[in-house]
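Undergrad: Task: produce atomic coordinates for the following.
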Amino acid sequence: MMPISDQTAQCRRAMRFIFLITTLLCLCGVARAEFEQIQIPTDNKPLQAVLYRPPGEGPFPVIVALAGCEGLRKESGTIRATWDEWGQRLSAAGFGVLFPDSEASRSQSPQCRDKLPHRDKGAKVSPDRERVADVRAARDWLQQQAFARKDRIALLGWDSGAIAVLWAVRPNVEPDDDRPDFRSAAVFYPGCQRLNDTAWSARVPTLILIGALDDLTPAKTCEQMVAGARGRSAGAVIVKYRGARHAFDRDLLRVRHKSGKSVPWKEPGRAARNANAEARADALKRIPEWFAR
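TA: Predicted structure coming up:
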């Protein structure tokens, strides 16, 4: 008889394989959405962005999506595969997706090339200043677009983009106009230390997805932040994925392998990152359901 530990490992490998095949079949069956290059007026330079739209005329609910500290684009200028996949998936689910390009709009390179994003005091594109300003500019622009449902604009972010979203939903940065506020927000693996230190709370329902083994942005700090906001905040929900690390939602096709086994991506001086089949599958389902509420 096969030992229980071997049976468990075999089942997990089978689940990963089934999920991978299902993902490929789903993507093959969905017509690819072409994104548009957008220039959003601001008081300074225009804010560059890319927009994914569902088929049809709309109006559609729209998600303002903030990429991680590696930036929206590669050095070649092409959209990074992770953000393109999310744009494709969410537009296929009926959402418009607007990705502001905070770095390129300010002629800046990725903000985490050499240092961890939430610890780089020299970052030129700060999550709590420049990127929050970009969130406001994106909302103002969408409120004027016929394709956008004014009462169904939401926020989504990853890593440093997630930090920016959490700053942007605090009560003290509520819009001072009479147009609808953001409906909700969702974030992946934010760094919560500074937010927790400032007694964070949210004015809109906020979902936080994070890995239990994340050693770059620890789940414990985010749990403390959410617990501290209870009773003085709009609903904040945190989902902690057992066995998952930073960047758990990344495409399994791009996970590095060694000796036939999936291993965490860990560069010298950097935290471990790794896709996680079960966490990724749940997030791909949970995110559109959250925004459809």
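Undergrad: is it true that Val169 touches Val204?
TA: Yes: under the criterion of CB atoms under 8 Å, Val169 makes contact with Val204 at 5.4 Å. Where you see a C-beta, it was placed from the backbone N, CA and C, and this is true even at glycine.
Undergrad: Neighbour count for these two, which is higher?
TA: Just comparing Val169 and Val204: by other CB atoms under 10 Å the higher neighbour count belongs to Val169, 27 against 19.
Undergrad: Can you give me every residue that contacts the more buried one?
TA: Val169 sits next to Leu155, Phe182, Ala185, Ala202, Arg203, Val204, Thr206 when contact means CB atoms under 8 Å, 6 or more residues apart in numbering.
Undergrad: So it versus Arg53, what's the distance?
TA: From Val169 across to Arg53, the span is 24 Å (CB to CB, to the nearest Å).
Undergrad: Ok, Ala146 next?
TA: Ala146 is 12 Å from Arg53, by CB to CB.
Undergrad: picking that back up, give me the common contacts of Val169 and Val204.
TA: Each of Phe182, Ala185 lies in contact with both Val169 and Val204 under the rule CB under 8 Å, 6+ apart.
Undergrad: Can you tell me the element the residue nearest to Ala168 when sequence neighbours are not counted falls in?
TA: Once its chain neighbours are removed from consideration, Ala168 has its nearest residue in Val135; the separation is 4.4 Å (CB to CB, 6 or more residues apart in numbering). Using DSSP states H and E, Val135 maps to helix 130-142.
Undergrad: same thing with Ile153?
TA: Under the criterion DSSP H and E, the helix or strand holding Ile153 is strand 148-158.
Undergrad: where are the low-confidence patches of the stretch 101-250 of the chain?
TA: Filtered on pLDDT under 70, the stretch 101-250 of the chain yields the residue ranges 109-123.
Undergrad: in it, which spans are strands?
TA: Listed in chain order, the strands found in the stretch 101-250 of the chain under DSSP state E, counting those that start in this stretch are 148-158, 185-188, 206-211, 236-241.
Undergrad: I'd like these laid out as CSV, including distance to Arg194 and mean neighbour count.
TA: Compiled in CSV, these are given as follows (distance: least, CB to CB, whole Å; neighbours: other CB atoms under 10 Å):
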stretch, distance to Arg194, mean neighbour count
strand 148-158, 15, 21
strand 185-188, 14, 26
strand 206-211, 15, 26
strand 236-241, 16, 18
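Undergrad: relative orientation of the helix holding Val135 and strand 148-158 in degrees?
TA: 160 degrees (axes from the mean of the first three to the mean of the last three CA atoms, to 10 degrees).
Undergrad: what separates helix 130-142 from the chain centre, distance-wise?
TA: Centroid displacement of helix 130-142 relative to its chain, using CA atoms, centre = their mean, to the nearest Å, is 16 Å.
Undergrad: Buried residues, that helix. List them.
TA: When burial is assessed from 16 or more other CB atoms under 10 Å, helix 130-142 yields the following buried residues: Glu130, Arg131, Val132, Ala133, Asp134, Val135, Ala137, Ala138, Arg139, Trp141, Leu142.
Undergrad: re the thing from before, need the max-distance pair from the contacts of Val169.
TA: Of all pairs drawn from these, the one with the longest distance (CB to CB) is Leu155 and Arg203, at 11.5 Å.
Undergrad: So for stretch 108-124, first residue to last residue, what's the gap.
TA: Using CA to CA, to the nearest Å, the span of stretch 108-124 from its first residue to its last is 7 Å.
Undergrad: can you give me the helices in the stretch 151-293 of the chain?
TA: In order along the chain, the stretch 151-293 of the chain carries the following helices (DSSP state H, counting those that start in this stretch): 160-168, 193-197, 219-229, 277-292.
Undergrad: Quick check: which helices or strands does the third one pack against?
TA: Right, the one you point to is helix 219-229. helix 193-197, strand 206-211, strand 236-241 (3 or more CB pairs under 8 Å, 6 or more residues apart in numbering; DSSP states H and E).
Undergrad: Return that helix as CSV; C-alpha atoms alone will do.
TA: What follows is helix 219-229, C-alpha atoms only, in CSV (Å, rounded to 0.1, in the frame of the first residue of the first chain):
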residue,chain,number,x,y,z
ALA,A,219,0.1,37.8,6.4
LYS,A,220,0.2,38.4,10.2
THR,A,221,0.7,42.1,9.8
CYS,A,222,-2.3,42.4,7.5
GLU,A,223,-4.4,40.3,9.9
GLN,A,224,-3.5,42.7,12.7
MET,A,225,-4.4,45.7,10.4
VAL,A,226,-7.9,44.2,9.6
ALA,A,227,-8.6,43.3,13.2
GLY,A,228,-7.6,46.8,14.3
ALA,A,229,-10.1,48.3,11.8
